[in-house]
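Asks: Structure, please.
(4 chains)
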2 protein chains.
Amino acid sequence: MDLIYLKSFMEAARCKSFTKAAENLGYVQSSVTTHIQKLEIEYGVVLFERIGRSMRLTSAGEQLYETFGRILELYEESKNRISRQVKGHLQIGTIESLIAFFLPDVFCRFRNAFPQISMQVYPLLEAGILQGIRSGQLDLGIMVDRPFADDDLHSLIIREEPLVLVAEPGHPLSKLGAVDVAALAGQSYIATETGCAYRGAFERLLRDHGVEYHVYNEFGSLEAIKQCVSFGLGIGLLPRIAVVRELEEGRLIALPFKHHEITFYTQIVYHKKKWLDPSIRHMIDLLMETEAESA
Amino acid sequence: MDLIYLKSFMEAARCKSFTKAAENLGYVQSSVTTHIQKLEIEYGVVLFERIGRSMRLTSAGEQLYETFGRILELYEESKNRISRQVKGHLQIGTIESLIAFFLPDVFCRFRNAFPQISMQVYPLLEAGILQGIRSGQLDLGIMVDRPFADDDLHSLIIREEPLVLVAEPGHPLSKLGAVDVAALAGQSYIATETGCAYRGAFERLLRDHGVEYHVYNEFGSLEAIKQCVSFGLGIGLLPRIAVVRELEEGRLIALPFKHHEITFYTQIVYHKKKWLDPSIRHMIDLLMETEAESA
DNA sequence: GCGCTTCCATCGAAAATATCGATCGATCCC
DNA sequence: GGGATCGATCGATATTTTCGATGGAAGCGC
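Replies: Take a look at the predicted model:
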């Protein structure tokens, strides 16, 4: 009786769907089916009524839902109680946009679970993060890049991170129904720092299409880029999360541009040889959880 | 996180010994060590202080002891609650001595867990039990025999079932310090039914040693045998559990006879192809548990 | 002090189990 | 009726669990 069965059951009961439950838990659907079957065999009763394509808990299932909930609660609580006593220090490398718009919430929840663990968060570029992980100076890296495989590093994709081409409201390109690469010819571009992964991909894309562009300025600061764009100094490529407020408030607009070569993913990176503390594991769990929420 | 880890932990904490915990749970010691290590890694803390050969829970261990206890309680409760609703019928074959002196307590506890499951218990001889299991007429057999292996049948040994040679108090053989096979020459023997496993083994033993004996009478009834023996009509071979009270009250005495060929075991027998209901599984668990208690 | 026993940790091999991915049949929706 | 979606099933693979043997440390008795 693995506790994962209970989790699958709870999630399936909540979603009323094995497929969704599997997605949320990071399994394939057949695994959840297996988990539920294990429980059904263990208890000798049917837990879900499968009427056509709709799902409902049987009465036995509902009784177990209560109890399993309490069991998992106790289990989580026990982990929290113990983890609160664990001391330590975490070195994390990440990029500026994530520090500002994605991580604060995660770090806050982490602090609740591990108040005795202090953290140092370094704003870096992708290359710096990878190097820090490789050298062991960093425990964990969180960055935005394309998926990659590496002999020494694990990479867990948290979610796709939509990148948007932002411009001032009323920018000529915004009049177009869709903006393709060619349409960007001759534009001024306010860039993030040299070495930024998606800047690199974007510029390569332009060059490959023979599109001339002009880097008007490059900044290590998000705020600076956003300001420059809103003043009409050029367009900028930024993660959507970094500009949601500006988009909502109409201070910036997103150009209808999309290209698979600049489909990027927020991902966790750590060394394969790294021993994963409960604290680091928890951090990873928290990071991965946000995927389900934002989905 | 398997619940078995929690069980191992609880048992180890109770016994203050991994080895004993393993014995009680039916594992080898190294498995319990592994379980505890899994927990220690999961929580990132040491759960047991291993000071020399003594064991003590650390403070983290004690906190978890509480919580794990409640988790397992909830789990057991959930099984009971569900199992109470399961209906069914169990066919069990066993021998008279066990019906009278071993099974009532087990059946009583079974009824508490599965009140909706009715049972039919057939008093049979070993051959009848095996045949019933093989033909599918019986779900479970509980009998006293020597260990055996069979392609179609599972056999779980519950415990050694000491057989005693009983006689009336003051019987000449009781004067001897030890009774060997030869000493039994010429004795009258009040036998259980033909086909009884330990009767068969006993008579074979006597014949193999060329000891002549006389079967004074044979009965299908324990009470009859005990009465006849106490009246001095002969000696009898019976499971110790069937005569403990008579021995305590001095109405019968046990002769100091022992021979490895009549070392018998109480065991559970069921068909390998048999699908084990939760109810049957529970019955087996209850039967196996008694081993720990009587040990 | 020295063997002897008992305990837990460790390791490799074997067995059991979980997971995935592909596929099937059923159902629902258009 | 065709397409999409859902859960069940199955075989292959990967992972985990279990066991049994062994090692080292600590206590016990002489």
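Asks: Every contact and neighbour count from this point should use C-alpha atoms.
Replies: Noted.
Asks: Against B:V45, how distant is the residue in the stretch 1-150 of chain A positioned nearest to chain B?
Replies: Residue nearest to chain B within the stretch 1-150 of chain A: A:D2 (4.1 Å; CA to the nearest CA). Distance of A:D2 to B:V45, given as CA to CA, to the nearest Å: 21 Å.
Asks: next one: A:D105
Replies: Distance of A:D105 to B:V45, computed by CA to CA: 27 Å.
Asks: quick one: which of those two has more around it?
Replies: The residue with more neighbours, out of A:D105 and B:V45, is B:V45; 19 against 15, by other CA atoms under 10 Å in any protein chain shown.
Asks: check which helix or strand covers the nearest residue to the more buried one once chain neighbours are set aside.
Replies: Nearest residue to B:V45, sequence neighbours excluded (CA to CA, 6 or more residues apart in numbering or on different chains): B:A60, at 7.2 Å. Assigned by DSSP states H and E, B:A60 belongs to helix B:59-83.
Asks: from the middle of its chain, how far away would that helix be?
Replies: 27 Å (CA atoms, centre = their mean, to the nearest Å).
Asks: Need the residues that contact it.
Replies: With contacts defined as CA atoms under 8 Å, 6 or more residues apart in numbering or on different chains, helix B:59-83 is touched by A:43-45, A:60, A:64, A:67-68, A:71, A:74-75, A:78, A:82, B:3, B:6-7, B:9-10, B:13, B:45-48, B:113-114, B:278-279.
Asks: Which residues of the stretch 51-200 of chain A lie near chain B?
Replies: Residues of the stretch 51-200 of chain A that fall close to chain B, judged by CA under 8 Å from any CA of the partner chain: A:60, A:64, A:67-68, A:71, A:74-75, A:78-79, A:82-83, A:86.
Asks: can those go into a markdown table with extra columns for distance to B:L130, neighbour count and pLDDT?
Replies: Below are these laid out as a markdown table (distance: CA to CA, whole Å; neighbours: other CA atoms under 10 Å in any protein chain shown; pLDDT from 0 to 100):
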| residue | distance to B:L130 | neighbour count | pLDDT |
| --- | --- | --- | --- |
| A:A60 | 36 | 19 | 88 |
| A:L64 | 38 | 23 | 93 |
| A:T67 | 40 | 18 | 95 |
| A:F68 | 40 | 22 | 96 |
| A:I71 | 42 | 22 | 96 |
| A:L74 | 46 | 16 | 95 |
| A:Y75 | 45 | 19 | 95 |
| A:S78 | 48 | 20 | 93 |
| A:K79 | 50 | 18 | 89 |
| A:I82 | 52 | 19 | 87 |
| A:S83 | 54 | 23 | 80 |
| A:V86 | 57 | 19 | 77 |
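Asks: among those residues, which are within reach of DNA strand D?
Replies: Among those, no residue is within reach of DNA strand D (CA under 7 Å from any atom of the strand).
Asks: wouldn't A:L125 be in contact with A:T94 here?
Replies: Yes - between A:L125 and A:T94 there is a contact at 7.3 Å, judged by CA atoms under 8 Å.
Asks: Which one of the two is surrounded by more residues?
Replies: Taking other CA under 10 Å, A:L125 and A:T94 do not tie; A:T94 has more neighbours (24 against 20).
Asks: Would you mind confirming that that one makes contact with A:D139?
Replies: No - A:T94 is beyond contact range of A:D139, at 11.2 Å (criterion: CA under 8 Å).
Asks: got any ranges where the stretch 101-250 of chain A has weak pLDDT?
Replies: For the stretch 101-250 of chain A, no stretch has pLDDT under 70.
Asks: Can you name the element that comes right after the strand or helix carrying A:S30?
Replies: In the assignment (DSSP H and E), A:S30 maps to helix A:29-43. Sequence order places strand A:48-51 as the next helix or strand after helix A:29-43, per DSSP H and E.
Asks: tell me what the helix or strand just after that following strand is packed against?
Replies: The helix or strand immediately downstream of strand A:48-51 is strand A:54-57, counting by DSSP H and E. The contact analysis (3 or more CA pairs under 8 Å, 6 or more residues apart in numbering or on different chains; DSSP states H and E) places strand A:54-57 against strand A:48-51.
Asks: just the helices in the stretch 51-200 of chain A please.
Replies: A:59-83, A:96-101, A:103-113, A:126-135, A:197-208 (DSSP state H, counting those that start in this stretch).
Asks: centroid residue for chain A?
Replies: Compute the mean C-alpha point of chain A, and by CA atoms, centre = their mean the closest residue is A:I158, 3.5 Å away.
Asks: For DNA strand C, see how far away that one is.
Replies: Distance check for A:I158 against DNA strand C: by CA to the nearest atom of the strand, to the nearest Å, it reads 15 Å.
Asks: and the residue of chain A most remote from its centre, how far is that from A:L72?
Replies: In chain A, counting by CA atoms, centre = their mean, A:G44 sits farthest out from the average C-alpha position, at 39.6 Å. Here A:G44 is placed at a distance of 21 Å from A:L72 (CA to CA).
Asks: And for A:L39?
Replies: On the measure of CA to CA, A:L39 and A:L72 end up 15 Å apart.
Asks: And A:L165, by the same measure?
Replies: 44 Å.
Asks: Would you mind listing what in the stretch 51-200 of chain A touches DNA strand D?
Replies: A:53, A:55.
Asks: Now the helix holding A:S30 - C-alpha only, CSV.
Replies: Extracted in CSV, the C-alpha atoms of helix A:29-43 (Å, rounded to 0.1, in the frame of the first residue of the first chain):
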residue,chain,number,x,y,z
GLN,A,29,-3.2,7.7,-17.4
SER,A,30,-2.6,3.9,-17.3
SER,A,31,-0.6,4.3,-14.1
VAL,A,32,-3.5,6.0,-12.3
THR,A,33,-5.8,3.3,-13.6
THR,A,34,-3.4,0.8,-12.0
HIS,A,35,-3.3,2.6,-8.7
ILE,A,36,-7.1,2.7,-8.4
GLN,A,37,-7.3,-0.9,-9.4
LYS,A,38,-4.8,-1.7,-6.6
LEU,A,39,-7.0,0.0,-4.1
GLU,A,40,-10.1,-1.7,-5.4
ILE,A,41,-8.5,-5.0,-5.1
GLU,A,42,-7.1,-4.2,-1.7
TYR,A,43,-10.5,-3.2,-0.3
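Asks: Pretty sure A:G141 sits against A:T94.
Replies: Yes - with contacts counted by CA under 8 Å, A:G141 reaches A:T94, the gap being 5.6 Å.
Asks: shared neighbours of those two, anything?
Replies: By CA under 8 Å, 6+ apart, the residues touching both A:G141 and A:T94 are A:I129.
Asks: The closest residue to A:K38 other than its chain neighbours in helix, strand or coil?
Replies: Nearest non-adjacent residue to A:K38, counting by CA to CA, 6+ apart: A:Y5, 7.7 Å away. Under DSSP: H, G, I helix; E, B strand; the rest coil, the three-state class of A:Y5 is helix.
Asks: burial of A:Y5, as a residue count?
Replies: 22.
Asks: likewise the one 3 residues further on?
Replies: When counting by other CA under 10 Å, one arrives at 23 neighbours for A:S8.
Asks: OK, contacts around it?
Replies: By CA under 8 Å, 6+ apart, the contact list for A:S8 reads A:21-22, A:25, A:32, A:35-36.
Asks: Please consider this matter closed, and thank you.
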